[in-house]
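Q: no FASTA, just this:
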C-alpha cells in the first residue's frame, strides 16, 4: 500500500486560526486612519473608531501595528514620503519649483491639510510623537530632497560646501508658512516667484568668495 503523500511547502494550507494580512483590508484600514485623523485629530483618534470605520475587528489593527502612534506614523508616512517625487528637471530652478509644488500639494491635500497641523501641534506636547514624526515623515522627506541639492552641486550650480540642512529648511519654509501657518493658498505665479527667490538665496556668494 503506497504511503500517503505529504504536503509540500507550496501546498500546505494556512491554519484556520493563523493571522493573514489581506491587502484590500489593509487599504481600507489605512483610508479609515486618514479619515479619522482628518476629522477627529490625533488626540481623539482611537483604534476602536478606526476599526469601525474600516469595517474590521480591532484585532485586525493590532496584527498590523502595536499602537495608535505606530499606526498613525506608518499610514501618514506612506503617502507623505511618496509625495516627494522630484525627478531631475535639468536645472536648479526647475528642481526647486518641483519641490515647492510637492510641498504645496502635500499641505493642500484634502486630508493632510488638516492632519499635518494637528500632528505638529500634538508633537509639541508629546516628545515620543515628535520623534516618531521626525523619523517616519520628516527625515525620509528631507532625504529625498537632498538629491535635488546634490544634482545642483554636480551641475556646478551650487558649491560643494552648500549647507544642506539650511537649504532644505529654505525650500519648505515659504510654502509651509503661507499655507499651514497663514492659511492662505498660493495664488497663480506664487510658487514660480518663490522658486526664483529660493534659487537666488541658495546661489548667493558672499563678497570675497
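A: Sure thing, it's come through. On a predicted model such as this, the values are computed, not experimentally measured, just so you know.

Q: ramachandran angles for the residue nearest the centre of the chain?
A: Centroid-nearest residue in the chain, with Cα atoms, centre = their mean: residue 80, separated by 2.0 Å. Residue 80 adopts backbone torsions of phi -60, psi -40, taken as degrees, to the nearest 10.

Q: pull the contacting residues for the nearest residue to it once chain neighbours are set aside.
A: Here the nearest residue to residue 80 in space, its sequence neighbours aside, is residue 137; by Cβ to Cβ, 6 or more residues apart in numbering that works out to 5.0 Å. C-betas here are computed from N, CA, C, even on glycine. Residues in contact with residue 137, defined by Cβ atoms under 8 Å, 6 or more residues apart in numbering, are 73, 76, 77, 80, 81.

Q: how about 10 Å then?
A: Residue 137 is in contact with 73, 76, 77, 78, 79, 80, 81, 84, 116, 119, counting by Cβ atoms under 10 Å, 6 or more residues apart in numbering.

Q: what segments of this structure are helices?
A: With DSSP state H, the ranges of helices along the chain come out as 23-40, 47-54, 58-62, 68-82, 92-107, 112-123, 127-133, 139-155, 164-176, 190-203.

Q: any low-confidence regions in this structure?
A: Across the chain, the ranges flagged by pLDDT under 70 are 1-21, 206-209.

Q: hang on, the earlier thing: got the helices of the chain as JSON lines, with distance to residue 184 columns?
A: Formatted as JSON lines, those follow (distance: least, Cβ to Cβ, whole Å):
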{"stretch": "helix 23-40", "distance to residue 184": "20"}
{"stretch": "helix 47-54", "distance to residue 184": "32"}
{"stretch": "helix 58-62", "distance to residue 184": "37"}
{"stretch": "helix 68-82", "distance to residue 184": "22"}
{"stretch": "helix 92-107", "distance to residue 184": "11"}
{"stretch": "helix 112-123", "distance to residue 184": "12"}
{"stretch": "helix 127-133", "distance to residue 184": "24"}
{"stretch": "helix 139-155", "distance to residue 184": "22"}
{"stretch": "helix 164-176", "distance to residue 184": "11"}
{"stretch": "helix 190-203", "distance to residue 184": "9"}
